[in-house]
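Trainee: model this:
(chains A and B)
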Amino acid sequence: GENVEQHPSTLSVQEGDSAVIKCTYSDSASNYFPWYKQELGKRPQLIIDIRSNVGEKKDQRIAVTLNKTAKHFSLHITETQPEDSAVYFCAATPSGGFKTIFGAGTRLFVKA
Amino acid sequence: GAVVSQHPSRVICKSGTSVKIECRSLDFQATTMFWYRQFPKKSLMLMATSNEGSKATYEQGVEKDKFLINHASLTLSTLTVTSAHPEDSSFYICSARDGDRGTDTQYFGPGTRLTVL
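Mentor: Numbering: from 1, shown residues only, chains lettered A, B, ... in the order given. This next block holds a predicted model:
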C-alpha cells in the first residue's frame, strides 16, 4: 500500500522568510496530492493540491511542486506570516483508489 | 460549497456507554465518507471508509464491532463507538468526497472530541 513520509516534523521560520515542507510517496500509481492546513482544534483545510500530470502549481504565496520520477512533492510558502503557523499535512491518493494516505504532519511556527 | 458538518462537537461519557457521531455533507452528495481518528499532535489515522448503501471498509486493526458505521443516505454517515472506554478518548474527524464533482478532494468535518471517563 501507499506510504507517505513528511519532513521536517517541526519548522520554525522568521516572519517574511520562506518555508518548505517535503514529502515522499511509495506508490507510483498515486496521482493526486493535496496539502492540508490544520490549526489547533480545527478541521484540516485544503490549501492546495496537484495532480500527477502537472509539475508545479501556485496560488498566491503557496506553491507545490511534484517530481513523479523521484516520487516526491513539496509545499513552498513564501513571505510567511504569523497566521501561517499551523500543522501542515501532505497526502497521496492512488489512481482509482478511495483512500488518501496522510503524512505525519509538519508543525510550522512563524515568529513575528 | 463542499461543507461538511459533524455533530456533536464535543462529548463526555461514562465508560461502558455508546456514543454516536454524525457526519453530514450539507451541499453535495457524498457516496464515500471517511472516518479518521487523531491523537494529540499526531496525524490523521484512517479508521474506515463508509460507502452509501453498503458495508464500511475497515482498516487493519480497527474493530468493526467496536466502531459501527452506517451510511444510510448520500449525505449522512454515522460512527457509533460502542461500550466506550477511556482509551477511546480521541478526536474523531469525518471527511466526504464530492461525488457530484467526481473529484478526489476530501472535505473535512470540524471533528468531535470524545472524552470517556
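
Trainee: Next, A:Gly105: phi, psi?
Mentor: phi 100, psi 150 (degrees, to the nearest 10).

Trainee: should've said B:Leu76
Mentor: Torsion angles, degrees, to the nearest 10, at B:Leu76: phi -140, psi 130.

Trainee: Show the model's pLDDT score for it.
Mentor: B:Leu76 is assigned 94 on the pLDDT scale.

Trainee: For it, which residues count as its bridge partners?
Mentor: B:Arg24, B:Ser73 (DSSP bridges).

Trainee: surely it meets B:Arg24?
Mentor: Yes - using C-beta atoms under 8 Å, B:Leu76 is in contact with B:Arg24, at 5.3 Å. C-beta here means a position set from N, CA and C on the backbone, and glycine is covered the same way.

Trainee: Between those two, which is the more surrounded one?
Mentor: A count of neighbours by other C-beta atoms under 10 Å in any protein chain shown puts B:Arg24 above the other of B:Leu76 and B:Arg24, at 19 against 16.

Trainee: pretty sure that one is touching B:His71, no?
Mentor: No - the criterion here is C-beta under 8 Å, and B:Arg24 misses it with B:His71 at 11.2 Å.

Trainee: who's in contact with the helix or strand containing B:Met33?
Mentor: Counting by DSSP states H and E, the element that carries B:Met33 is strand B:32-38. Around strand B:32-38, the neighbours that count as contacts under C-beta atoms under 8 Å, 6 or more residues apart in numbering or on different chains are A:98-100, B:23, B:25, B:44-52, B:67, B:69, B:71, B:77, B:79, B:90-97, B:99, B:106, B:111.
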